[in-house]
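Colleague: mind folding the following:
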Amino acid sequence: MYNVNPLIICVSLFLLIGCSTKKNVATNAEVKDMAINFPLDWIGSYEGQLNIYSTNQDTNTVNMELIISYPDAEGYFPWTVIYDNKDVRRYGLEVINTDRGLYRINEYNSIELDAYLIDRHFISRFSVMQNDLIIDYEHVGDAIIAQFFITNVDHQNITGGEIIGQDTIPKVKTYPIQVYQKAILKKKD
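Modeller: Now for the predicted structure:
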């Protein structure tokens, strides 16, 4: 039988465990280096199918393309969305404050929408013509997942607003989601 020093076994186990865990754990500096440089890392042409779901169980699918380009002479990153190869919507992405993650989408028709970069999500929320929209573009690998949530603000359910015991319950408004749209857009370049 071999006579093995217990101290050597303990040191070997600690080294083995230390080596295996260090490979799987990134430091804060490494995580920061892995962070994407928005909007530069998003530049390219992406395409896929946009699935449109409504509350009455209707589903529709259209081709969708997203083209993000290098800044133009005015400093806007061209942000073009094309539906079914014919409905072309040209916007300009403006960098406002990268520390706050604040950007602006200029529709070039007097409409400017604030949008925020949170993690890998580029999100905007706005209301137009009795509809509330949440637009979420998420960068995942070589793809962008686009999700659109559309709610009619005229139809709301209000609950709460009562006093129960010593507690005043706030009023809460809920809105029905009328339409949900999702596309997985894969990079063409």
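
Colleague: residue 61 bridge partners, please.
Modeller: Beta-bridge pairing of residue 61 under DSSP bridges involves residue 51.

Colleague: surely residue 64 and residue 48 touch.
Modeller: Yes. Between residue 64 and residue 48 there is a contact under Cβ atoms under 8 Å: 6.0 Å. (Each C-beta comes from the backbone N, C-alpha and C, glycine too.)

Colleague: same drill for these two, tell me which one is more crowded.
Modeller: Between residue 64 and residue 48, counted using other Cβ atoms under 10 Å, residue 64 has the larger neighbour count: 22 against 18.

Colleague: what's across from the residue nearest the centre of the chain in the sheet?
Modeller: Nearest to the geometric centre of the chain sits residue 121, at 2.4 Å (Cα atoms, centre = their mean). For residue 121, the beta-bridge partners under DSSP bridges are residue 118, residue 138.

Colleague: so who does it touch?
Modeller: Going by Cβ atoms under 8 Å, 6 or more residues apart in numbering, residue 121 touches 136-138.

Colleague: ok, residue 51 next?
Modeller: 59-61, 181-183.

Colleague: torsion angles phi and psi at the residue nearest to residue 176 when sequence neighbours are not counted?
Modeller: Spatial nearest neighbour of residue 176, excluding adjacent residues (Cβ to Cβ, 6 or more residues apart in numbering): residue 155 at 5.6 Å. For residue 155, the backbone dihedrals (degrees, to the nearest 10) come out as phi -100, psi 100.
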